[in-house]
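S.K.: quick one, fold the following:
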Amino acid sequence: MAGSREKYQRGAHTVVDLKYHFVWKTKYSYKILSGDIGLRARAVIREICAEHEMTVVKGNVRPDHIHVLVSAPSHLSPAKMAQFLKGKSSYRLQRDFPELRKKYWGQQLWGRGYFCSTVGAVTEEMIKSYIENQGEDDQVFQVWDEAKLPNEPDGSSSVLV
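M.R.: Residues are numbered from 1 along each chain as shown. Sure thing, here's the model as predicted:
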């Protein structure tokens with residue numbers, strides 16, 4: 001049991017396990033993330049995560065894109081995490097490798113967008129089942145996917161989606 005508790009981050013009033021999968025590409029899909037630049041990119045991502053209370057769970061630096069699975073505190077939004085990861089890594093890599101500034105004269109190492117997906121220990125179906133089965137008492141209010149709640153003959157709805 002102690003092992004399962006260690007995966008959660010604890011705050012004064014919170015217990016969370018938030019993980020995000022990010023993917024972003026180099027601008028113009030240039031294959032620049034190999035050799036020393038690729039190794040430095042890996043180190044820079046780790047540094048940025050440590051600076052912002054994020055933990056790298058897994059990562060992969062490919063020649064033209066980066067995959068990283070990070071565990072993060074609840075006060076960081078995915079957009080803010082992407083801003084830190086992409087912005088600071090671009091700056092630091094171009095500072096450390098001046099030849100990149102010739103290739104990326106606009107000082108943008110990464111393409112404009114990114115992919116982000118949440119991951120977790122439970123599925124959406126498990127959460128729905130848990131919510132539905134919270135109370136056995138007839139007085140318990142439940143939120144249903146259907147437009148008409150059971151026991152509401154007039155068809156009025158209290159759906160919260």
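S.K.: contacts, neighbours, all on C-alpha from now
M.R.: Will do.
S.K.: surely Leu33 meets Arg62?
M.R.: Yes: the pair Leu33 and Arg62 passes the contact test of C-alpha atoms under 8 Å, sitting 6.4 Å apart.
S.K.: who's more crowded, those two?
M.R.: Comparing Leu33 with Arg62 by other C-alpha atoms under 10 Å, the one with more neighbours is Leu33, at 19 against 15.
S.K.: work out for me the element that one sits within.
M.R.: When elements are assigned from DSSP states H and E, Leu33 belongs to no helix and no strand.
S.K.: quick check: domain ranges of the chain?
M.R.: 2-119, 122-161 (automatic domain parsing).
S.K.: where among those is average confidence lowest?
M.R.: Mean pLDDT values for the domains of the chain show the minimum at domain 122-161, a mean of 59.
S.K.: on that earlier part again, most packed of the domains of the chain?
M.R.: Greatest average neighbour count among those goes to domain 2-119 (a mean of 15), per mean count of other C-alpha atoms under 10 Å.
S.K.: how far does that domain sit from the chain's center?
M.R.: Centroid separation between domain 2-119 and its chain, computed with C-alpha atoms, centre = their mean, to the nearest Å, is 10 Å.
S.K.: and what of stretch 113-123?
M.R.: With C-alpha atoms, centre = their mean, you get 6 Å for stretch 113-123.
S.K.: let's see it as CSV, backbone CA atoms only.
M.R.: This file holds the C-alpha atoms of stretch 113-123, laid out as CSV (Å, rounded to 0.1, in the frame of the first residue of the first chain):
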residue,chain,number,x,y,z
GLY,A,113,1.8,24.0,-31.9
TYR,A,114,2.1,21.1,-29.6
PHE,A,115,0.2,18.0,-28.6
CYS,A,116,-0.9,17.4,-25.0
SER,A,117,-2.9,14.5,-23.5
THR,A,118,-3.6,13.6,-19.9
VAL,A,119,-2.9,10.2,-18.6
GLY,A,120,-3.9,8.5,-15.4
ALA,A,121,-4.5,5.4,-13.4
VAL,A,122,-8.2,5.2,-14.0
THR,A,123,-10.3,5.3,-17.1
